[in-house]
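[1] compute the structure for the input listed below.
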Amino acid sequence: MPDANDTMAMGTIYVDADACPVTEEIYRVASRVGWVVVLVANKWMQTPTRPVVQLNVVDDSPDAADDFIAERAKAGDVVVTNDIPLASRCLPNGVAVLRPNGSRFEEQSIGDALATRELLSQLRDLGTITGGPPPFQKKDRSRFLQRLDETIRAIQRSAAKG
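    Here you go, the predicted structure:
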């Protein structure tokens, strides 16, 4: 079984898995390209019996999954999350970070994303904003699949150049 710590010719896709709507897409891509998928969750979940899929159940403390991923993800890996603070911890290490809707976190804009997150949190606390993010749609799934493919190909091209 491939191990996330032994990925000389392959990379690792770390998934903040508790509420990830694109795990099936991740499994398909990882199987095709030979990458390991490391799901990190606060509780056990059903996973396919594929050698490239690993489930790591962490305790239910607020940052346990984030800590697990941030401590292990390295340049050449991909992290899938909606969590802005987790993204901000991974980007400086050269990790590609994608949201399940296919958008990509970038190092040059993560500061703005953190500030906006804080502002929206304060507005929610005051009751000014009561809605959440838009619902996940079929086009989001398609965009994610395309972006994950593009990201992995770019990482592989970069690694081939040495």
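[2] this structure: helices as residue ranges?
    Assigned by DSSP state H, the chain shows helices spanning 23-33, 64-72, 84-90, 110-125, 138-161.
[3] and those helices, which one is worst for confidence?
    Among the helices of the chain, helix 110-125 carries the lowest mean pLDDT, at a mean of 60.
[4] returning to that earlier point: out of the helices of the chain, nearest to Ala41?
    With Cβ to Cβ, the closest approach to Ala41 among these belongs to helix 64-72: 6.6 Å. Where C-beta positions appear, they are placed from N, C-alpha and C, glycine not excepted.
[5] so what does that closest one touch, helix or strand wise?
    The helices and strands touching helix 64-72, judged by 3 or more Cβ pairs under 8 Å, 6 or more residues apart in numbering; DSSP states H and E, are strand 12-16, strand 36-41, helix 84-90.
[6] just checking: what are the partner strands of the second one?
    Taking DSSP bridges as the criterion, strand 36-41 forms sheet pairs with strand 12-16 (parallel), strand 53-57 (parallel).
[7] want to throw those into CSV with mean neighbour count?
    Shown next, in CSV, are the strands paired with strand 36-41 (neighbours: other Cβ atoms under 10 Å):
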stretch, mean neighbour count
strand 12-16, 26
strand 53-57, 17
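[8] out of those strands, flag the one nearest Asn82.
    The closest of those to Asn82 is strand 12-16. By Cβ to Cβ, the value is 7.4 Å.
[9] how near is the residue nearest the centre of the chain to Ile69?
    When Cα atoms, centre = their mean is applied to the chain, the residue found nearest the centroid is Val80 (1.2 Å). The gap separating Val80 from Ile69 is 10 Å, by Cβ to Cβ, to the nearest Å.
[10] between those two, what contacts are shared?
    Tyr14, Asp16 (Cβ atoms under 8 Å, 6 or more residues apart in numbering).
[11] pLDDT score for Glu106?
    Glu106 is assigned 85 on the pLDDT scale.
[12] nearest to Ile155, out of the strands paired with strand 36-41?
    Using Cβ to Cβ, the strands paired with strand 36-41 put strand 12-16 closest to Ile155, at 10.5 Å.
[13] contact partners of that closest one?
    Contacts for strand 12-16 (Cβ under 8 Å, 6+ apart): 4, 23, 26, 29-30, 35-40, 65-66, 69, 72-73, 77-83, 86, 148.
[14] give the buried residues for stretch 58-68.
    Neighbour-count burial for stretch 58-68, counted by 16 or more other Cβ atoms under 10 Å, picks out Val58, Ala64, Ala65, Asp66, Phe68.
[15] what's the most distant pair in the residues you listed?
    Pairwise distances across the buried residues of stretch 58-68 peak at 9.3 Å for Val58 and Asp66 (criterion: Cβ to Cβ).
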